[in-house]
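*Asks:* Give me the fold of what follows.
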Amino acid sequence: MKNLLLIFLVFAFSCSQNDNKEENKKTAEQPAAVAKKDSVITLEIHAKPGDQFFFNYVDRLFNFNILETPEKLKKDSLFIETIISHTPVLLKDIHWKAQNYIYLIPGEKYRITKDSMISHFELTGDSKRTYELNAWKELKKHAAKQKRISEFDFTDQARYQKFSRMDFNARDSVLRSEYEDNIRFLDNYASKNNFSNDQKKILSRTLYYQFKVAHFFFNKRKPDQTKKYLDSNRALYNELQPAMNCDSCFDDPEFPYLTQVFAKHYVADPDKVGTENAYSAYSKAFSGKTRDYLLYNLIKLGGMFNDTKPNPKLARQFQNDAQDPALKGYIKEMYDFLESKKSSAGYLANAAGENISWKKLLENHRNKVVYVDFWASWCGPCRAEAPASKTLRKKFEGKDVVFLTVSMDENSAAWKKASKKDGIDNPENYILIQPAKSDLKKQYQITSIPRYFLIDKSGKVVNSNASRPSDEAIITEITRLL
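*Replies:* Residues are numbered from 1 along each chain as shown. Okay, here's the model as predicted:
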């Protein structure tokens with residue numbers, strides 16, 4: 001799941017940019033501030049049988065927040081999701097056919113349906129905002145009609161393979177041509193229905209950042225080929241370097257990733273020089289929010305695309321080096337938890353910080369059927385099961401059934417936040433301490449989540465790959481053990 005979604009995100013970076021410097025400056029120009037309205041964005045998702053919705057957005061702590069509806073729906077269903085934010089949010093439809101952004105404003109409530117494979121957003125009674133909300137969707141439909149060589153398509157992978165084999169100059173030419181066509185489409189679309197100039201600037205800027213990220217997608221080229229391309233392409237470096245310390249650019253979800261790939265390829269690659277050397281190099285090369293973000297990203301634990309190893313030394317150094325109090329607090333809470341639990345690897349802990357072994361946990365629930373849900377804050381499919389899980393609990397309320405949730409998060413702060421949002425912040429909610437070192441994970445080969453266990457009244461795991469809460473079969477499976 002991690003790799004698949006990462007592929008989706010990378011394939012989305014397939015737009016281009018005109019070489020004209022004035023156009024670059026205009027594209028990256030910051031939009032006017034949007035007045036604060038409220039702190040709640042409401043998503044009202046209307047799903048038909050067979051529909052599945054996938055969205056993500058990045059919060060101010062640079063966490064990927066996944067919003068996903070259950071798969072294999074058999075009837076019309078309504079799902080309500082909320083995002084708490086005081087600033088506009090660029091929500092991404094991450095269905096592989098979509099890969100489009102929707103500009104959401106706090107205080108608004110959106111009705112969401114499917115337009116073919118792509119999500120359609122509507123603000124009831126406001127045709128102007130509805131038109132604006134679907135700008136990128138229409139752009140993606142425009143691009144799909146052209147069967148662009150750079151657009152990945154599961155149904156026509158040979159077309160994309162041709163693009164991936166191009167030499168760098170030919171590839172850049174394709175991207176530039178497609179970017180210019182995207183801008184022309186957006187200009188034409190925005191010229192109608194009194195389209196918001198602020199939103200047009202934001203969407204144009206996002207296209208620009210995506211294009212620049214695409215320059216760093218090397219299609220598994222040999223290291224010497226990549227190095228030769230980067231060394232010879234000083235125009236790319238000269239264009240991006242002055243913009244790398246732009247604090248206000250972090251409002252765009254693509255910009256942080258652009259700074260990351262720029263730092264990796266032009267300053268220091270952590271995989272080659274090591275985390276501590278990269279930390280030192282980034283500290284000297286960058287400033288402001290960019291510096292904070294890059295240092296934070298080197299030591300932040302957990303998340304869908306993050307295999308960072310704990311580094312308490314750098315975590316302590318970060319408290320002195322960083323400026324952003326929110327990032328400093330997040331790292332401190334994360335590493336304080338690790339420090340307090342350093343001798344408890346493989347144990348489970350509840351929200352109060354109390355440790356318990358897997359064996360003892362099962363003993364505590366002897367003579368009851370136990371259903372265990374292994375999940376994580378960053379796991380969209382896991383959290384999509386939350387409504388069905390709530391329904392399942394109610395169905396067996398008052399019976400000898402216990403529902404346990406075990407988080408595979410490396411980050412205790414993210415676990416607590418997600419638990420509260422999903423309504424599972426209860427005494428039977430646990431986090432597995434340093435899951436990579438857990439015998440439980442190794443014994444049952446928990447290599448992907450969601451994963452569900454069924455345990456009988458004697459404490460025996462009778463099914464280590466039980467049905468999901470949304471699968472009606474689980475009711476029979478539990479009932480059989482009572």
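
*Asks:* check which helix or strand covers Arg129.
*Replies:* helix 127-133 (DSSP states H and E).

*Asks:* tell me what the helix or strand that that helix is followed by is packed against?
*Replies:* Going down the chain from helix 127-133, the next helix or strand is helix 135-146, by DSSP H and E. Packed against helix 135-146, as judged by 3 or more CB pairs under 8 Å, 6 or more residues apart in numbering; DSSP states H and E, are the following elements: strand 100-104, strand 118-122, helix 168-190, helix 197-214. For every residue, glycine as well, the C-beta is placed using N, CA and C.

*Asks:* and the most centrally placed residue in the chain, how far is that from Pro256?
*Replies:* Central residue of the chain (CA atoms, centre = their mean): Phe64, 3.0 Å from the mean position. Distance, Phe64 to Pro256, by CB to CB, to the nearest Å: 11 Å.

*Asks:* Need the winner for burial among the helices and strands packed on helix 135-146.
*Replies:* When you average the neighbours per residue for each of the helices and strands packed on helix 135-146 (mean count of other CB atoms under 10 Å), strand 100-104 leads with a mean of 23.

*Asks:* Next one, pLDDT for the closest residue to Arg221 other than its chain neighbours please.
*Replies:* Once flanking residues are discounted, Arg221 sits nearest to Tyr229: 7.8 Å by CB to CB, 6 or more residues apart in numbering. Listed pLDDT for Tyr229 reads 85.

*Asks:* I'd assumed Tyr229 was in a helix, is it?
*Replies:* Yes: Tyr229 forms part of a helix when assessed by DSSP: H, G, I helix; E, B strand; the rest coil.

*Asks:* OK, contacts around it?
*Replies:* By CB atoms under 8 Å, 6 or more residues apart in numbering, the residues touching Tyr229 are Phe168, Phe218, Arg221.

*Asks:* How about Phe453?
*Replies:* Applying CB under 8 Å, 6+ apart to Phe453 gives the contacts Val370, Tyr371, Val372, Phe374, Tyr444, Val461, Asn463, Ser464, Ala466.

*Asks:* In three-state terms, how would it be classified?
*Replies:* Here Phe453 is recorded as strand under three-state DSSP.

*Asks:* in the sheet, who's paired with it?
*Replies:* Val372 (DSSP bridges).

*Asks:* In the sheet, which residues pair with the residue nearest to the centre of the chain? Tell me.
*Replies:* Bridge pairing for Phe64 - DSSP bridges - gives Val58.

*Asks:* shouldn't it be in contact with Trp378?
*Replies:* Yes: between Phe64 and Trp378 there is a contact at 6.0 Å, judged by CB atoms under 8 Å.

*Asks:* show me where pLDDT drops low in this structure?
*Replies:* 1-38, 219-220, 302-307 (pLDDT under 70).

*Asks:* that older thread, can you tell me which of the contacts of Phe453 are buried?
*Replies:* Val370, Tyr371, Val372, Phe374, Tyr444, Ala466 (16 or more other CB atoms under 10 Å).

*Asks:* got the contact list for the closest residue to the second one other than its chain neighbours?
*Replies:* It stands for Tyr371. Distances taken as CB to CB, 6+ apart place Phe403 nearest to Tyr371, at 5.3 Å, with adjacent residues excluded. Phe403 sits next to Val370, Tyr371, Asp373, Ser389, Leu392, Arg393, Glu428 when contact means CB under 8 Å, 6+ apart.

*Asks:* So the second one sits against Thr405, correct?
*Replies:* In this case it means Tyr371. No: counting by CB under 8 Å, Thr405 is not a contact partner of Tyr371; they are 9.7 Å apart.

*Asks:* What strand or helix carries the residue nearest to Tyr371?
*Replies:* Going by DSSP H and E, Phe403 is part of strand 401-407.

*Asks:* That strand: partners in the sheet, and parallel or antiparallel?
*Replies:* Short version: by DSSP bridges, strand 401-407 pairs with strand 369-375 (parallel), strand 429-432 (parallel).

*Asks:* Any chance of JSON lines for those strands, columns distance to Tyr160?
*Replies:* Output for those, formatted as JSON lines (distance: least, CB to CB, whole Å):
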{"stretch": "strand 369-375", "distance to Tyr160": "33"}
{"stretch": "strand 429-432", "distance to Tyr160": "38"}
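
*Asks:* Quick one, which of those strands gets closest to Gly353.
*Replies:* Closest of those to Gly353 is strand 429-432, at 10.1 Å (criterion: CB to CB).

*Asks:* Could you check how far Lys74 is from Ala388?
*Replies:* For Lys74 relative to Ala388 (CB to CB), the value is 12 Å.

*Asks:* neighbour-wise, which of the two wins?
*Replies:* Neighbour totals were compared for Lys74 and Ala388, and Ala388 leads with 16 against 9 (other CB atoms under 10 Å).

*Asks:* helix, strand or coil for that one?
*Replies:* Classified using three-state DSSP, Ala388 is helix.

*Asks:* That one touches Pro469, doesn't it?
*Replies:* Yes: applying CB under 8 Å, one finds Ala388 in contact with Pro469, separated by 3.9 Å.

*Asks:* How far off centre is stretch 78-91?
*Replies:* Distance of stretch 78-91 from the chain centroid (CA atoms, centre = their mean, to the nearest Å) equals 14 Å.

*Asks:* Name the nearest residue to Phe55, sequence neighbours excluded.
*Replies:* Closest residue to Phe55 apart from its sequence neighbours, by CB to CB, 6+ apart: Leu67 at 4.3 Å.

*Asks:* Fine, thanks again, bye for now.
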